[in-house]
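*Asks:* here's my sequence, what's the structure:
(2 chains)
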Amino acid sequence: MNNAFLKSTREAPLPPPVSTSGVVGWLRMNLFSSIGNSLVSGALLLFLVWLIPQLIDWAFVRAIWSGESGAVCRVDGAGACWAFVNAKFDQFIYGRYPEAEHWRVNVIFLLLAGGLMPLALPTFRYKNHVVLFMLTVFPFAAFVMLLGGTLGMPQVETNKWGGLLVTLVVAITGIVASLPLGVLLALGRRSDLPVLRIFSVLFIEFWRGIPLITVLFMASVMLPLFLPDGVTVDKLLRALIGVALFSSAYMAEVIRGGLQAVPQGQYEAARALGLSYWQTIFQVVMPQALRIVIPGIVNTFIGLFKDTTLVMIVGLFDLLGVVQSNFTDPNWASPQTAMSGYVFVALIFWVFCFSMSRYSVSVEKRVSFNQR
Amino acid sequence: MPSFIQNLLSNRTARGYLTQLIVLLGVAWLGWMMFDNVATNLRQQNIASGLSFLEEEAGFGISQTLVEYSEQSSYGQALWVGLLNTLLCALLGIFFASILGFSIGVARLSPNWLVAKLAATYVDLLRNVPLLLQIFFWYFAVLRSLPGPEASFELADSFFMNTRGIFVPSLVMEGYGGLVAGCMVLGAVFGWLVAHALEKRHAVRPIWLGKTMLAPGVGLVFGLFATLIFVGVPAVDYPHLDGFNFVGGLGIIPEFTALTLALSLYTAAFIAEIVRAGIQSVDRGQVEASQALGLSSRQELKLVVIPQALRVIIPPLTSQYLNLTKNSSLAVAIGYPDLVSVFSGTVLNQTGQAVEVIAITMAVYLILSLSTSFLMNIYNARMQLVTR
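*Replies:* Numbers count the residues shown, from 1 in each chain, chains lettered A, B, ... in the order given. Reported below is the predicted structural model:
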């Protein structure tokens, strides 16, 4: 046999061309695939090279980190005035809550973080129990503890609450109150009983049609007129009622979307098994519907959380309100005070909202995976 | 329990009627209680009721008025001025937010990594920071920290920007401004109709014969001719420094700039996500099929992708437009004279008639919301797939 021209060993594969692999290949594929793309990429790179050093310079290099008064920030060429945030930090978090009682707020913050943490773990088994605890026991426990007046804790009037504390109180009250109300309204809107349906539709469309600002104005100006003579409602509570009613209308629409996504066969099967209306809803339909709309609920909550800043317009001191009111402190007046304060608030809100939106995306992926 | 009640309760229909009756009575009782309390409280606090206050003299000035208004005008006219200011801000905001949002939404799908990442950063950054904070940022940290009038930024000695606002040259229309504007609208409608007729006949036309170019183009030409006919060549009124402030030209107050800017940038982030989702919802096979048919990339976008994406985009886009309109009420925080700030703020404080003032404000927003969603529903119904 004369087959010496055949190879008897396998040749090692050639490396891929440099232009399609490695860093160079990636750059060519993603940044410089055509002349137009190259021009755009070049312009954007130039822009970033110009912008990013300036930002770093302002926020870190030239920033003033600590100091007794605004004088340290009034020097020429000073960057961000973090000293302002540093000096007022307690106020930004607790408002005028007495310093000796700060531990109560801290306990609530820890409980909140501890209750939310397990939700992010996909394998955690007792999620339902934790959610139930956070939606029922936690808000009341937190309220009793923050207000005090019992169990040997001195009372702290709500007008002393402020900063991040008020932001969280308003947001969490909004979500806790809006879930049950939203469920009821969504059921009412899909009910066979015309009276319930009409009232639910009117309620939902009314609150969704007006801006939150007018709701808060109504709560602070009109609500006292609705109540019998002699009954007064705390300013914070008034805003909370407004926020709760407002967000329940949005929540109702989110939950209605979930109810519509549950196949009709589920209702029919439950009826065939002889379940009553409420058994059908709470044992068959609602668990499926709520699971589908978790991302929607989280998104509503993100919106609500950002909207809590509006309570400062009716005279409450939430995080933004406290920071804004501190700009008028003549001791800390400097060209960079306002900018630094806003960046600080933006950062806090951004961390909260961005992590919630990531959570919602991950749940969405998990749910759509489970449905396949 | 007597048996007939038991029978009644076990009957599904009867139970339904009973529930409705109870709810009806409950709501009626609640309504009557509130009405009674309001009436008693108003009587005790000696607050007048009724809408007659709308005729009374307002006695306060407004910093931006699109129609004739003075301190002698009535509260009713103040309401009208505030409403127009809200609409101006909302319409401009919708215009800019749409353009920016569509661009960023498309940019997020760009094959260019840097463009896609920057667009994603924009969306993540702007969407997760409260709107009120963004308004404050633009107003207090940026616009109010500009130099004073004597040291303002200027361009060609006719455009000025300082802490009092932006000042641009204006054309002197000698009272024909409304007429010229009317002609422009007429021209735009005419251009749109022509483009529409052309579209029916030729699916593919040069870009300048499309609705997006023809409608504003013809509008501008009509406006130009109307100006030449009624005014002649109009004089230009340049802003100039007089004493401590600028006079002449057109002054744009910083409150308006900050509010419109913040609303546009914020809403654009949401619109971008809607547009991205819409484009991604178009089946990949549609794009491949249009390429197989030999359509150019512009034709592919215009005739295949966009019409299908719009179906997904329009419903959430409508609610973003409505959100923007409602969010324009945050004007009250920086003192831009919008509906809420003028009417629920100043007028409420002066008259004390909280119930009427808040009710009117809410009614205006409800009418705006409901009519917009009604119009959008009609448009949406026309865009829906017609299956045979």
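*Asks:* if we ignore the residues flanking it in sequence, what's nearest residue 279?
*Replies:* You didn't say which chain, so I picked chain A. In this structure, A:Gln279 finds its nearest non-sequential neighbour in A:Ala270, 7.2 Å apart by C-beta to C-beta, 6 or more residues apart in numbering or on different chains. To be clear about C-beta, it is placed using only N, CA and C from the backbone, and glycine gets the same treatment.
*Asks:* sorry, should have said chain B
*Replies:* In space, B:Ile279 is closest to B:Ala309, 4.9 Å off (C-beta to C-beta, 6+ apart).
*Asks:* so how far is the helix or strand harbouring that neighbour from its chain's centroid?
*Replies:* If you go by DSSP states H and E, B:Ala309 is part of helix B:306-327. Distance of helix B:306-327 from the chain centroid (C-alpha atoms, centre = their mean, to the nearest Å) equals 12 Å.
*Asks:* now the helix or strand just after that helix: average pLDDT?
*Replies:* The helix or strand immediately downstream of helix B:306-327 is helix B:339, counting by DSSP H and E. The average pLDDT for helix B:339 rounds to 90.
*Asks:* again with stretch A:259-276
*Replies:* Stretch A:259-276 comes out at a mean pLDDT of 89.
*Asks:* show me what it is in contact with.
*Replies:* Here stretch A:259-276 makes contact (C-beta atoms under 8 Å, 6 or more residues apart in numbering or on different chains) with A:186-187, A:190, A:279-280, A:283-285, A:288-289, A:292-293.
*Asks:* same thing but 6 Å
*Replies:* Defining contact as C-beta atoms under 6 Å, 6 or more residues apart in numbering or on different chains, one finds that stretch A:259-276 is touched by A:186, A:190, A:280, A:284-285, A:288-289, A:292.
*Asks:* that one: end-to-end distance?
*Replies:* The first residue of stretch A:259-276 is 17 Å away from its last residue (C-alpha to C-alpha, to the nearest Å).
*Asks:* next, A:Cys81: phi, psi?
*Replies:* Dihedral pair for A:Cys81: phi -100, psi 70, per degrees, to the nearest 10.
*Asks:* oh, I was asking about B:Phe160
*Replies:* phi -130, psi 150.
*Asks:* show me where the stretch 251-388 of chain B dips below the pLDDT cut-off.
*Replies:* Under the criterion pLDDT under 70, the flagged ranges of the stretch 251-388 of chain B are B:384-388.
*Asks:* for it, which residues are neighbours of chain A?
*Replies:* B:326, B:329, B:333, B:340, B:344, B:354, B:358, B:361-362, B:365-366, B:369 (C-beta under 6 Å from any C-beta of the partner chain).
*Asks:* which residues in chain B form helices?
*Replies:* B:3-10, B:12-44, B:75-107, B:113-127, B:131-136, B:177-201, B:211-230, B:254-281, B:284-292, B:297-299, B:306-327, B:339, B:348-351, B:354-383 (DSSP state H).
*Asks:* among those helices, which is nearest A:Ser21?
*Replies:* Closest of the helices of chain B to A:Ser21 is helix B:113-127, at 15.9 Å (criterion: C-beta to C-beta).
*Asks:* ok, is that closest one in contact with chain A or not?
*Replies:* Yes. Helix B:113-127 reaches chain A (C-beta under 6 Å from any C-beta) through B:113-114.
*Asks:* just checking, what packs against that helix?
*Replies:* Applying 3 or more C-beta pairs under 6 Å, 6 or more residues apart in numbering or on different chains; DSSP states H and E, one finds that helix B:113-127 makes contact with helix B:75-107, helix B:254-281.
*Asks:* swap the cut-off to 10 Å and go again
*Replies:* helix A:22-30, helix A:35-56, helix A:337-371, helix B:75-107, helix B:254-281 (3 or more C-beta pairs under 10 Å, 6 or more residues apart in numbering or on different chains; DSSP states H and E).
*Asks:* with distance to A:Leu227 and mean neighbour count added, can I get those in TSV?
*Replies:* Shown next, in TSV, are the helices and strands packed on helix B:113-127 (distance: least, C-beta to C-beta, whole Å; neighbours: other C-beta atoms under 10 Å in any protein chain shown):
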stretch	distance to A:Leu227	mean neighbour count
helix A:22-30	63	13
helix A:35-56	51	12
helix A:337-371	33	17
helix B:75-107	27	21
helix B:254-281	34	22
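*Asks:* which among these is found nearest to B:Trp208?
*Replies:* Comparing the helices and strands packed on helix B:113-127 by C-beta to C-beta, helix B:75-107 comes nearest, at 18.7 Å.
*Asks:* so what's the residue count around the residue nearest to A:Gln279?
*Replies:* Look at A:Ala270: counted by other C-beta atoms under 10 Å in any protein chain shown, it has 18 neighbours.
*Asks:* residue 225: what's it in contact with?
*Replies:* Picking chain A for this. Residues near A:Leu225 by C-beta atoms under 10 Å, 6 or more residues apart in numbering or on different chains: A:218, B:34, B:37-42, B:45, B:47, B:354-355.
*Asks:* hm, I was asking about chain B
*Replies:* Contact analysis of B:Phe225 by C-beta under 10 Å, 6+ apart lists B:180, B:183, B:187.
*Asks:* can you check A:Ser33 too?
*Replies:* Counting by C-beta under 10 Å, 6+ apart, A:Ser33 has contacts A:27, A:41, B:111-113.
*Asks:* mind running it again at 8 Å?
*Replies:* With C-beta under 8 Å, 6+ apart, A:Ser33 has these contacts: B:111-112.
*Asks:* what helix or strand does the residue nearest to A:Gln279 sit in?
*Replies:* Going by DSSP H and E, A:Ala270 is part of helix A:264-272.
*Asks:* got the CA coordinates for that helix in PDB?
*Replies:* What follows is helix A:264-272, C-alpha atoms only, in PDB (Å, rounded to 0.1, in the frame of the first residue of the first chain):
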ATOM      1  CA  GLN A 264     -60.300  30.200  33.100                       C
ATOM      2  CA  GLY A 265     -59.900  26.500  33.500                       C
ATOM      3  CA  GLN A 266     -58.600  27.100  37.000                       C
ATOM      4  CA  TYR A 267     -61.800  28.800  38.100                       C
ATOM      5  CA  GLU A 268     -63.900  26.100  36.500                       C
ATOM      6  CA  ALA A 269     -61.900  23.300  38.100                       C
ATOM      7  CA  ALA A 270     -62.200  24.900  41.500                       C
ATOM      8  CA  ARG A 271     -66.000  25.300  41.000                       C
ATOM      9  CA  ALA A 272     -66.200  21.700  39.800                       C
END
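*Asks:* report the buried residues of that helix.
*Replies:* A:267, A:270 (16 or more other C-beta atoms under 10 Å in any protein chain shown).
*Asks:* how far does the next helix-or-strand element following that helix sit from the chain's center?
*Replies:* Heading C-terminal from helix A:264-272, the first helix or strand you meet, by DSSP H and E, is helix A:277-279. Taking C-alpha atoms, centre = their mean, one finds helix A:277-279 lying 33 Å from the centre of the chain it belongs to.
*Asks:* now the element after helix A:277-279, going C-ward?
*Replies:* Helix A:277-279 is succeeded, C-terminally, by helix A:286-292 (DSSP H and E).
*Asks:* what helices and strands are in contact with the one helix or strand A:Gln324 maps to?
*Replies:* Per DSSP H and E, A:Gln324 falls inside helix A:319-326. Applying 3 or more C-beta pairs under 8 Å, 6 or more residues apart in numbering or on different chains; DSSP states H and E, we find helix A:319-326 packed against helix A:82-94, helix A:163-189, helix A:337-371, helix B:131-136.
*Asks:* of all those helices, which lies closest to A:Val323?
*Replies:* Nearest of the helices and strands packed on helix A:319-326 to A:Val323, taken as C-beta to C-beta: helix A:337-371 at 4.5 Å.
*Asks:* now do the closest one against helix A:163-189, angle only.
*Replies:* Computed by axes from the mean of the first three to the mean of the last three C-alpha atoms, to 10 degrees, the angle separating helix A:337-371 from helix A:163-189 equals 40 degrees.
*Asks:* show the average pLDDT along helix A:337-371.
*Replies:* 85.
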